[in-house]
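> Quick one, what's the 3D model for this:
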Amino acid sequence: MDRGLPHGRARQSAEIAEADPMNGDKAGFIRANTAITTPPHVPEIRLHIADEAHDLWHKTEEELAQIGLPPPFWAFAWAGGQGLARYVLDNPACVQNRRVLDFATGSGLVAIAAALAGAKSVTAADIDPFCETAVTLNAALNGVDIDCEGHDLVGSPLPEFETVLAGDVFFDREMSSLLIPWFSMLADSGTEILIGDPGRAYLPRENLTLLADYAVPVTRALEDAEVKRTCVWRFGAVARPAA
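Residues are numbered from 1 along each chain as shown. The predicted structure follows:
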């Protein structure tokens, strides 16, 4: 199943139906439509997450668009992000004292893991206008400082970063066709790129080295199973077997 949103019967919500979240209080909107909880595969980290108890969970993408809200990827802990965050926490040397970019950050889960693991600096990048607020709230929950970047960075050289982290980004053909040459350019320039992926359709396996393999608990409303095999890969020109 490609990355999408839970679909179910839409319920009426004062916070969602009456608010104009794009122009209003984003932090208040996030607090009203999520709960503070821990992702099952990364219990060290706390996030504002929407679940079955929240009206946001039951809205379809079409209904969200009608109220001016982009698909709220920031409201969920996706399998690829959970796997990558787990790897970073368990292998802190991959980010310690390094300048790290968490690309397509969503909730900021992976960025927070990098900060907790000792990165020199962490920037969370996402073009969704809600992500900066979500990341700021979630970073505060975990006592870390994270910079936010809202511009589209795809295709840009990133000399200011030594490591790029990317969780669950190969779910769309068009996006993947842009990411693969960009990641290749970055890797050729010496940037280390680590990817967390639960078997998305457009993952470029020929360019990857396997680093870790996890069974990540998820929910069927987000995925096609209750546990997703999620791998962490290093992106590079030549794939090598894991040590």
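> now do the same end-to-end measure for stretch 114-133.
One end of stretch 114-133 to the other measures 18 Å (Cα to Cα, to the nearest Å).
> For it, buried residues please.
For stretch 114-133, burial by neighbour count (16 or more other Cβ atoms under 10 Å) applies to 114-117, 119, 121-126, 128, 130-133. C-beta coordinates here come from the backbone N, C-alpha and C atoms, glycine included.
> What is the most widely separated pair among those?
A117 and F130 (25.3 Å; Cβ to Cβ).
> Just give the number of residues close to the closest residue to C231 other than its chain neighbours.
With sequence-adjacent residues excluded and distances taken as Cβ to Cβ, 6 or more residues apart in numbering, C231 is closest to D213, at 5.2 Å. For D213, the count of nearby residues is 11 (other Cβ atoms under 10 Å).
> Who are the contact partners of D213?
With contact set as Cβ atoms under 8 Å, 6 or more residues apart in numbering, D213 has these partners: 229-232.
> mind giving me CSV with those residues and columns for secondary structure, neighbour count and distance to F171?
Formatted as CSV, the contacts of D213 follow (DSSP: H, G, I helix; E, B strand; the rest coil; neighbours: other Cβ atoms under 10 Å; distance: Cβ to Cβ, whole Å):
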residue, secondary structure, neighbour count, distance to F171
R229, strand, 14, 16
T230, strand, 27, 13
C231, strand, 22, 15
V232, strand, 28, 16
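> Going by distance to N97, which of the buried residues of stretch 114-133 wins?
N97 lies nearest to A119 out of those, by Cβ to Cβ, at 7.5 Å.
> contacting residues around that closest one?
95-100, 163.
> W74 now?
By Cβ under 8 Å, 6+ apart, W74 lies in contact with 30, 106-108, 126, 128, 130-131, 134-135.
> Pick the one among those closest to P72.
Checking these against P72 with Cβ to Cβ, the nearest one is F130 at 6.7 Å.
> coming back round to it: now the buried members of the contacts of A119.
95, 98-100, 163.
> and the longest helix for this structure?
Scanning the chain for the longest helix, with DSSP state H as the assignment, gives helix 173-188.
> check which helix or strand covers A114.
helix 109-116 (DSSP states H and E).
> Remind me what that helix packs against, helices and strands.
With contacts taken as 3 or more Cβ pairs under 8 Å, 6 or more residues apart in numbering; DSSP states H and E, helix 109-116 sits against helix 79-90, strand 99-103, strand 121-125, helix 131-142, strand 163-167.
> Tell me what angle the last one forms with helix 109-116.
Going by axes from the mean of the first three to the mean of the last three Cα atoms, to 10 degrees, strand 163-167 is angled at 140 degrees with respect to helix 109-116.
> what lines up beside strand 163-167 in the sheet?
Sheet pairing of strand 163-167 (DSSP bridges) gives strand 99-103 (parallel), strand 192-197 (parallel).
> Thank you, goodbye.
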